[in-house]
Structures are given as C-alpha cells and as structure tokens.
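Starting from these lines, generate the structure:
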Amino acid sequence: MSITLKRAADGQNLIIELKDVALSGKIHIPGDKSISHRALILGAISSGQTTIEGLLLGEDPRSTANCFEAMGVKISPLNAEKVTVEGIGLENLQEPNDVLQAGNSGTTMRLILGILAAQRGKFFTITGDSSLRSRPMSRVIKPLQQMGAAIWARKANTLAPLAISGSKLLPLEYHSPIASAQVKSCLLLAGLAIEGKTTVIEPALSRDHSERMLEAFGAKIERDPIDNIATIIGPASLTGQNVVVPGDISSAAFWLVAACIVEGSQLTIKNVGINPTRTGVLEILQEMGADLSLENERMITREPVADIHVKYSKLKGCEISGAIIPRLIDEIPILAVAAVFAQGTTVIKDAAELRVKESDRLAVIARELTKMGAKITELPDGLEITGSGSLVGTEVESYNDHRIAMSLAIAALGAQKTTTIKGVEAATISYPNFIATLQSVCGMEE
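A predicted model of the protein is given here:
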C-alpha cells in the first residue's frame, strides 16, 4: 500500500497504489466554498463587522477577499478559526488602483459584477487566469445590461477581462435560460442598490445560499421555491453578522464515493451542509444503493447541517437528469467514478453546463477514466457509463481542474496497479488538505 506525492519541476504528481486497505475514520472537511464567498462579499458591503468561522482557505475565496481588499475593505488574515470583515457599506467601495484579479474563481467574477455595476461614478476592470478568461460571462452581462449596466468584454461581450462603469440600475424581472446560482446571485446583489423589486425566475431551482444569507444580513427577500422565483426588494442596507460556515457537501462527496467503492470501508463525515438545493448527490447515491445515513441534524446560521455516515456498498446504475442536475452539478465527475464501480449502466443527461467549467468536465472525466479501463460514451450533454467494477492504474491528467484531480484520486483507490495523477495540486483550489485526509483515511501518516 502506498500513497505518495512526487514533486517535479513542472508541478506535482500524486502516485496511488492501494491494496487490501479499507478506509476508516472521522473526517472534517473544508468549509463550504459557496457560503465562504458569500460571507466575504456580504460582510464587505454591510455596515459594521462580520465574523466568519470555518471559512474555506482555498484559492477561490482568497480571490474574493483580495478583490474587496483592493476596494478598501479591511479583512483580517484568512484562517479557518475566525476571520473579521470590517464592512464599509454598499456605496463606499473604492475605485481600485489596478485590475481586480479573480484568479480561477467564476463565483468571484460573476457575483462581484452585480455589485460593481451599481457603483455609480466608479470604474472597474476585472480579469482572471486563462481558464476563467475562457468561461462564459454573457450569462450575467446580458441581464445586467438590461438593467442599465455599462459593461464591456472581449469577444462581443462574452469573455473576461471585463470593464465596468458603475451606473444607476433599474429593476428587472429576468427569466434565466439556465438554472444558475451565480446568475441569480449576481442579479440579486445588483438589486440591493435598486428601488423596487428585482426578480429572477429559473427553469429549475439552483442553490439558495445567497437568499438565505441576504435575509440573515437584513435584506428583504421573497422566495417561491415551487416556481423557482427569487426576488429582492431594494434598496437594502445590510448589517454585519456572525457566520459559521458548514462543511462543503461537494468536498464530502469524494469521501462518500470512496467509502462506497472500497470494500470494508466505513467513514463519518462531520458537520456537512445539507442545504436541500445541494443534496442531489445524497439522493442519487441512495438511489444507487449507497449505505449512508444522516446523524446529528441541526441548523447553523440558517443552513441545515448533519454528520454523514457511509459504508461500503454494492452500487447499481441509474439515470441522472432533469431538475436534479443543478443540485449536484459539481458532483457529476465523482458520481461518474461511482458509476464505473456500479452494476449496470448509468446515464447522465442535461449536464452540458459542465463543458464550461474549469475544464470541459464531461470530456475530461470520460477521457481520463477511459484510460483506466472504464466503459464510457460521451454524450452532447452528459455521459453513458457501463459499470465494470474495476479499473487499472495508469497515468492520468487533472487538466488543472480541482474536481477532476480529486475524482481521479478516488478512482485510483479502486484500481489495480499504480495510478499517477499529474497536476494534483489543483485540488487546493477547493480542498487544501485533500491529500493529507486521503492518507489519514487509508491509515497512513503524512
């Protein structure tokens, strides 16, 4: 048995060979990435101090913090214990001296855009890394322009870098063509500065962390989860709060699947956020036959939280499509790994959104798992996976995508022979101590 991290001149490779080892232990996962972003953002534009416990220390929330610091907000050094944000109010953001850097974080760029567009008389530019500069921004630019925003972007207003001249915005009822929490949150944040109602209507319900937290900070929110409608009534004045960030269910998903596919395994994942707009992964794994249960259910800062206990399970294939897709969009790569070890065929549809993430996740997970012997057919909007029950280790590539890197590491736990994952350092974007946790549940020292 071995799990090693080989550092090379061109990056990091994770080398995995696991034999006759069951996973066990209690896992504390990083804070929820979506909630971490929103706590920093709302804390910055509130009046008074916001304290954040359990903040995710990945690169994406750091990008959000860096952007607001560049606009005059004082934020204490980031740590998981306690971060303080000295809010300066919605109208007091300073025009930055340089281009705002969103790094690899689509959430940072898209959510901040709604706030910047309403900063009357101020000018901003924002960019990101090569991956972010290739991801679609028109989905937020177009509705903001309908509200009166002055925004310019590359490729006919579709790609970053972006330039924004803050303007007086008008309320809008927007029928979004996609279910996207980033689009919805961007427009609700823009609505903070607008007299009247700003409404977003979605084809399916996306995650609702923004609505919950906006209410906690004092905004007036109207919600209709049956018809997928969210409305903010502005103008709004927010007040700093104490926020406790639960563990990220997207990070928990890797360990849920790991325990299911490695015989004899049994894990407890502590303090996981189980917001119903995020629990699609639990429902699908249970439909596939996973032996998992929720324990110690409770509410923390308006978010439901529980411990999840999971055991090795004999999985079976299923169909993953329709309204559940927005509730598990980030978990599809690891669910593809689960499907490889399930009996029968799993079909994933309606997931074309994965083609415009940090990588084309449909193409990449299909390509890399196929290298390991998986039977996968790539569909225009999904995957068809015939479970084989086993994989063979080989060299695979993360494509600098954190969820691909971690999904391949879990796949390697069920593979014969040695697997080498190139570019595994991408995992630090959302899960800084992923490798240390992997070593721990396998009974190894760091």
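
hey, let's count contacts and neighbours off CA atoms from now on
Will do.

can you give me the strands in the stretch 51-200 of the chain?
Counting by DSSP state E, counting those that start in this stretch, the segments of the stretch 51-200 of the chain that form strands are 74-75, 83-88, 100-101, 123-127, 150-153, 159-165, 173-175, 196-201.

What mean pLDDT does the second one get?
Which is strand 83-88. Over the span of strand 83-88, the pLDDT mean works out to 98.

Direction included, what does that strand pair against?
Note on strand 83-88: by DSSP bridges, its sheet partners are strand 47-53 (antiparallel), strand 74-75 (antiparallel).

With the last one instead?
In the sheet, strand 196-201 lines up against strand 173-175 (parallel), strand 229-234 (antiparallel) (DSSP bridges).

Nearest to Y312, out of those strands?
strand 229-234 (39.0 Å; CA to CA).

contacting residues around the very next helix or strand once past the closest one?
As assigned by DSSP states H and E, the chain's next helix or strand after strand 229-234 is strand 242-244. Residues external to strand 242-244 that are found in contact with it (CA atoms under 8 Å, 6 or more residues apart in numbering): A39, T50, T51, I52, E53, G54, L55, I300, T301.

Just put the residues you listed in JSON lines and tack on distance to P225 and pLDDT.
Putting those into JSON lines (distance: CA to CA, whole Å; pLDDT from 0 to 100) gives the following:
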{"residue": "A39", "distance to P225": "22", "pLDDT": "98"}
{"residue": "T50", "distance to P225": "28", "pLDDT": "98"}
{"residue": "T51", "distance to P225": "29", "pLDDT": "98"}
{"residue": "I52", "distance to P225": "27", "pLDDT": "98"}
{"residue": "E53", "distance to P225": "28", "pLDDT": "97"}
{"residue": "G54", "distance to P225": "28", "pLDDT": "97"}
{"residue": "L55", "distance to P225": "27", "pLDDT": "97"}
{"residue": "I300", "distance to P225": "21", "pLDDT": "91"}
{"residue": "T301", "distance to P225": "20", "pLDDT": "86"}
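
Which members of the residues you listed are the farthest-apart pair?
Checking the contacts of strand 242-244 with CA to CA, the most distant pair is T50 and I300, at 15.7 Å.

And these two? Which one has more around it.
T50 (23 against 15; other CA atoms under 10 Å).

so the more buried one bridges to which residues?
If you apply DSSP bridges, the partners that T50 bridges to are V85.

can you list the domains in the protein?
What automatic domain parsing lists as the domains of the chain is 2-31+247-441, 33-244.

which residues of the stretch 51-200 of the chain fall in helices?
59-70, 106-116, 138-146, 154-157, 181-191 (DSSP state H, counting those that start in this stretch).

re the thing from before, turn the strands of the stretch 51-200 of the chain into CSV, columns for mean neighbour count.
Compiled in CSV, the strands of the stretch 51-200 of the chain are given as follows (neighbours: other CA atoms under 10 Å):
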stretch, mean neighbour count
strand 74-75, 19
strand 83-88, 22
strand 100-101, 22
strand 123-127, 20
strand 150-153, 20
strand 159-165, 21
strand 173-175, 16
strand 196-201, 21
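
can you put those in CSV and add distance to C442?
Shown next, in CSV, are the strands of the stretch 51-200 of the chain (distance: least, CA to CA, whole Å):
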stretch, distance to C442
strand 74-75, 37
strand 83-88, 32
strand 100-101, 38
strand 123-127, 40
strand 150-153, 47
strand 159-165, 42
strand 173-175, 48
strand 196-201, 45
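
Flag whichever of the domains of the chain has the least confidence on average.
Among the domains of the chain, domain 2-31+247-441 scores lowest, with a mean of 93.

related to what we said a few turns ago, for the strands paired with strand 83-88, please prepare TSV with the additional fields distance to K197.
TSV is the format used below for the strands paired with strand 83-88 (distance: least, CA to CA, whole Å):
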stretch	distance to K197
strand 47-53	22
strand 74-75	31
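
Which one of the ones you listed lies nearest to Y312?
Of all the strands paired with strand 83-88, it is strand 47-53 that lies closest to Y312, at 32.4 Å by CA to CA.

which parts of that closest one are buried?
S47, G48, Q49, T50, T51, I52, E53 (16 or more other CA atoms under 10 Å).

Quick check: phi and psi on D224?
For D224, the backbone dihedrals (degrees, to the nearest 10) come out as phi -130, psi 90.

With R120 instead?
Phi and psi for R120, reported as degrees, to the nearest 10, are phi -60, psi 130.

ok now do it, which residues does it touch?
By CA under 8 Å, 6+ apart, R120 lies in contact with S165, G166, S167, K168.

just A39 next, same as before
Neighbours of A39 in contact, by CA under 8 Å, 6+ apart: I52, M213, V243.

would it count as being in a strand?
No: counting by DSSP: H, G, I helix; E, B strand; the rest coil, A39 is not found in a strand; it is helix.

so S105 makes contact with S130?
No: applying CA atoms under 8 Å, one finds S105 not in contact with S130, separated by 11.1 Å.

of those two, who's got more company?
Neighbours were counted for S105 and for S130 using other CA under 10 Å; S105 has more, 22 against 12.

excluding its backbone neighbours, what's nearest the more buried one?
Spatial nearest neighbour of S105, excluding adjacent residues (CA to CA, 6 or more residues apart in numbering): D60 at 5.1 Å.

With G148 instead?
L169 (5.1 Å).

was I right about that neighbour contacting Q119?
No: here L169 does not reach Q119: they are 9.5 Å apart, not a contact under CA under 8 Å.

These two: which is more packed in?
The neighbour count for L169 versus Q119, taken as other CA under 10 Å, is higher for Q119 (25 against 22).

nearest spatial neighbour of that one, skipping sequence neighbours?
G166 (4.3 Å).

In contact with A70, which residues are there?
Here A70 is in contact with Q94, P96, N97, L100 (criterion: CA under 8 Å, 6+ apart).

Highest neighbour count among those?
Greatest neighbour count in the contacts of A70, by other CA under 10 Å, goes to L100: 23 neighbours.

who's that one bridged to?
I126.

Please list all residues in contact with it.
By CA under 8 Å, 6+ apart, the residues touching L100 are C67, A70, F124, T125, I126, T127.

how about P136, phi and psi?
Per degrees, to the nearest 10, the backbone of P136 is at phi -70, psi 130.

That one: what's it in contact with?
T158, L159, V356.

cool, and T394?
K371, M372, K417, T418, T419, T420.

For the fourth one, grab the count of nearby residues.
Other residues within reach of T418, judged by other CA under 10 Å, total 19.

pretty sure it contacts E17?
Yes: between T418 and E17 there is a contact at 4.7 Å, judged by CA under 8 Å.

shared neighbours of the two, which are they?
A412.

To what extent is N296 buried, counted in neighbours?
Using other CA under 10 Å, N296 has 10 other residues around it.

switch to numbering from 779
Done: numbering now begins at 779, and the last item shifts to N1074.

Wait, a strand at it?
Yes: judged by three-state DSSP, N1074 forms part of a strand.

what about it, distance to H1087?
11 Å (CA to CA, to the nearest Å).
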